[in-house]
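Peer 1: Turn this into a model:
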Amino acid sequence: MQIFGRNLFWYAAVFGTITAISRAAVTDELLVLDQEGAMSMVVQHTHYMPKKWRGKENTERVRMEFETLFQVMQMKFMHLYEKVLTKYTYTTLDHLYHP
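Peer 2: Numbers count the residues shown, from 1 in each chain. Down below sits the predicted model:
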């Protein structure tokens, strides 16, 4: 298949090369080198830091507990959002069908 006088394979090779170079040039933003500093920033916003985590911010156990806590909070937020959205949708639809 030809596009602008070039084979489609040529475009795939060029854009694949550009993508590979771009990915290599971008640093990993999720990589945290200073776990204690990152945890202190989270604590400033959440005001939550169990005593058993102090001084152990870079351990696997603290990371797993923190991720579990975040997932629980995220699920609570999603349930609340679902309830509000459902109530709003039903109210809006009711007003549309029963003016």
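
Peer 1: Surely Met75 is in a helix?
Peer 2: Yes - counting by DSSP: H, G, I helix; E, B strand; the rest coil, Met75 falls inside a helix.

Peer 1: any idea how far it lies from His98?
Peer 2: For Met75, the distance to His98 equals 34 Å [Cβ to Cβ, to the nearest Å]. From N, CA and C alone the C-beta is placed, and that goes for glycine too.

Peer 1: go on, Arg6?
Peer 2: Remark: distance between Arg6 and His98 (Cβ to Cβ) = 60 Å.

Peer 1: between these two, which one's more packed in?
Peer 2: Shown here are Arg6 and His98; by other Cβ atoms under 10 Å, Arg6 has more neighbours (11 against 6).

Peer 1: Specify the beta-bridge partners of that one.
Peer 2: Beta bridges link Arg6 to Ile3, judged by DSSP bridges.

Peer 1: how far is the lowest-mean-pLDDT helix or strand in the chain from where the chain is centred?
Peer 2: None of the helices or strands of the chain scores lower by mean pLDDT, DSSP states H and E than strand 2-3, at a mean of 72. Its chain's C-alpha centre and that of strand 2-3 lie 38 Å apart, by Cα atoms, centre = their mean, to the nearest Å.
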